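Asker: sequence plus the predicted model coming up.
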Amino acid sequence: MPALWIAHVTIHDDEAYGKYAALAGPAIAKHGGKFIARGGRYVQLEGTDRPRNVVAKFDSVEAAETCYKSQEYQEALDFARGAAERELMVVETTE
């Protein structure tokens, strides 16, 4: 089943997070992820407001997990640590 990688982010260091994004995009694409939302308009209805929201679609939960654990993504993630507060989850879709 396809899966959605959903990130909610508050960025504190634009320069460092920009380096993360520059590396994370290709790492996600390499593992079959396709962005369907990336920092666009949103409405916060409940919970913690995070001004950057990203959704990528993968072929499966396992493909998304493999991407997350990959060397390429972990190298990108080094730039995000300390530069942002994030929640990241992968959710299997029903279609």
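Answerer: Received, thanks. Note that this is a predicted model, so its numbers are computed, not measured.
Asker: what segments of this structure are helices?
Answerer: 14-30, 61-69, 71-80 (DSSP state H).
Asker: closest one to R41 among those?
Answerer: helix 14-30 (18.5 Å; Cβ to Cβ). In this view, the C-beta of every residue, glycine as well, is placed from N, C-alpha and C.
Asker: check which residues of the closest one are buried.
Answerer: Neighbour-count burial for helix 14-30 flags A16, Y17, K19, Y20, A21, L23, A24, G25, A27, I28 (criterion: 16 or more other Cβ atoms under 10 Å).
Asker: now the angle from that helix to helix 61-69?
Answerer: Orientation of helix 14-30 against helix 61-69 (axes from the mean of the first three to the mean of the last three Cα atoms, to 10 degrees) gives an angle of 140 degrees.
Asker: who touches helix 14-30?
Answerer: 5, 9, 11, 35, 56, 67, 70, 72-73, 75-80, 82-84 (Cβ atoms under 8 Å, 6 or more residues apart in numbering).
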